[in-house]
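Engineer: Give me a 3D structure for the following:
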Amino acid sequence: MTVRTALVNSMNIPAVKTFIAVSRSLGNKNELVGIQKLGEYAKSLGFSTPLHPDYSTALGSSCVYPFELAQVYATFSRLGNKKPTYFLRKVEDRFGRMVEDHTAFDDAWASLQDRVAAGYARLYEPGEQVISRETGWIITDLMRGVVREGTGAPANRLGKPAAGKTGTTNDSYDAWFTGFTRDLVTTSWVGYDMNPHPLGKYETGGRAALPAWVAYMKAALDGRSQPEFSPPGGLDLVKLRIDNKTGKVASSTRGSSEMWFKKGTEPKDAALAPGQADPANFEMMR
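Structural biologist: A predicted model of the protein is given here:
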């Protein structure tokens, strides 16, 4: 199974197996050390709340704030560039004089004058590149797949290209959906602050939280076109059609998906065409 298939369909076992493999490699087979390093990595992306030092973290067992999730997904949407999160964009006094201004130059809701001023102000604040631009695009494309064909498919009701990820805790105590278009990132959470009882059977992120996300995004993006996601020029990437079962280069479109890879990490072997026998099995078959 490919990582893409597992992520698009929110499959737990592949997530845990991947987490274990990565923690062992980071800790030189000392899994606890590796888990601690993964926690440090998550912190570098923008999480401030501590993560549980065990395998359940792979499934989102640690509690985080909604604004933290939105902040991290904003970093993904900026292709790995992390910038400060501000709760107030602008403060003026009663005479209209600027007291504080945190307008971003690419804020689609700000006036042209404010965006130009912000561009000059941010010339020396480029942000921090916490993951490579290539990794940022691959993550964005994977989350686009979640909406196109996975657990986040109800987000297609927005009518505009979106990427995101659903989340559901054990027994449906919490339901999440964090998603973004080219201009806007939004997190929707449904649950109880103290978790007195579950939300109810089948109340998953895609069923309980995603409709609220769609309703808000429709209003926020009303009259604003959102272009399809596409990688910017200059990224060192390769796009291949991959067989969903073997992870090899697909020989046909059936049972395959287009995937992006950092150049040099793409698979080289080709999957067998339908009806084709593997030569390596000839001796065994005889």
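Engineer: the longest helix in the protein is where?
Structural biologist: Using DSSP state H to define each element, the chain has its longest helix at helix 133-149.
Engineer: ok, then the element right after that helix?
Structural biologist: strand 163-168 (DSSP states H and E).
Engineer: so what does the host helix or strand of residue 42 touch, helix or strand wise?
Structural biologist: In the assignment (DSSP H and E), residue 42 maps to helix 31-45. If contacts are counted by 3 or more Cβ pairs under 8 Å, 6 or more residues apart in numbering; DSSP states H and E, helix 31-45 sits against helix 12-26. For glycine as for every other residue, the C-beta is placed from the backbone atoms N, C-alpha and C.
Engineer: Mind doing that once more with 10 Å?
Structural biologist: The contact analysis (3 or more Cβ pairs under 10 Å, 6 or more residues apart in numbering; DSSP states H and E) places helix 31-45 against helix 12-26, helix 66-77.
Engineer: can I get those helices in JSON lines with distance to residue 158?
Structural biologist: As requested, the helices and strands packed on helix 31-45 are exported to JSON lines (distance: least, Cβ to Cβ, whole Å):
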{"stretch": "helix 12-26", "distance to residue 158": "26"}
{"stretch": "helix 66-77", "distance to residue 158": "15"}
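Engineer: Show me the one of the ones you listed that comes nearest residue 42.
Structural biologist: helix 66-77 (8.4 Å; Cβ to Cβ).
Engineer: Please put the alpha-carbon coordinates of the closest one into PDB.
Structural biologist: Backbone C-alpha positions of helix 66-77 (Å, rounded to 0.1, in the frame of the first residue of the first chain) are rendered in PDB as follows:
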ATOM      1  CA  PRO A  66      -7.400  24.600  16.600                       C
ATOM      2  CA  PHE A  67      -5.300  27.700  15.800                       C
ATOM      3  CA  GLU A  68      -2.200  25.600  15.900                       C
ATOM      4  CA  LEU A  69      -3.500  23.200  13.300                       C
ATOM      5  CA  ALA A  70      -4.500  26.100  11.100                       C
ATOM      6  CA  GLN A  71      -1.000  27.600  11.600                       C
ATOM      7  CA  VAL A  72       0.700  24.300  10.600                       C
ATOM      8  CA  TYR A  73      -1.500  23.800   7.600                       C
ATOM      9  CA  ALA A  74      -0.800  27.400   6.500                       C
ATOM     10  CA  THR A  75       2.900  26.400   6.600                       C
ATOM     11  CA  PHE A  76       2.100  23.500   4.300                       C
ATOM     12  CA  SER A  77       0.200  25.700   1.900                       C
END
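Engineer: May I have the strands that pair with the helix or strand just after that helix, each with its orientation?
Structural biologist: Counting by DSSP H and E, the next helix or strand C-terminal to helix 66-77 is strand 81-82. Using DSSP bridges, strand 81-82 pairs in its sheet with strand 128-129 (antiparallel).
Engineer: What does residue 258 show for phi and psi?
Structural biologist: The phi/psi pair for residue 258 (degrees, to the nearest 10) reads phi -80, psi 130.
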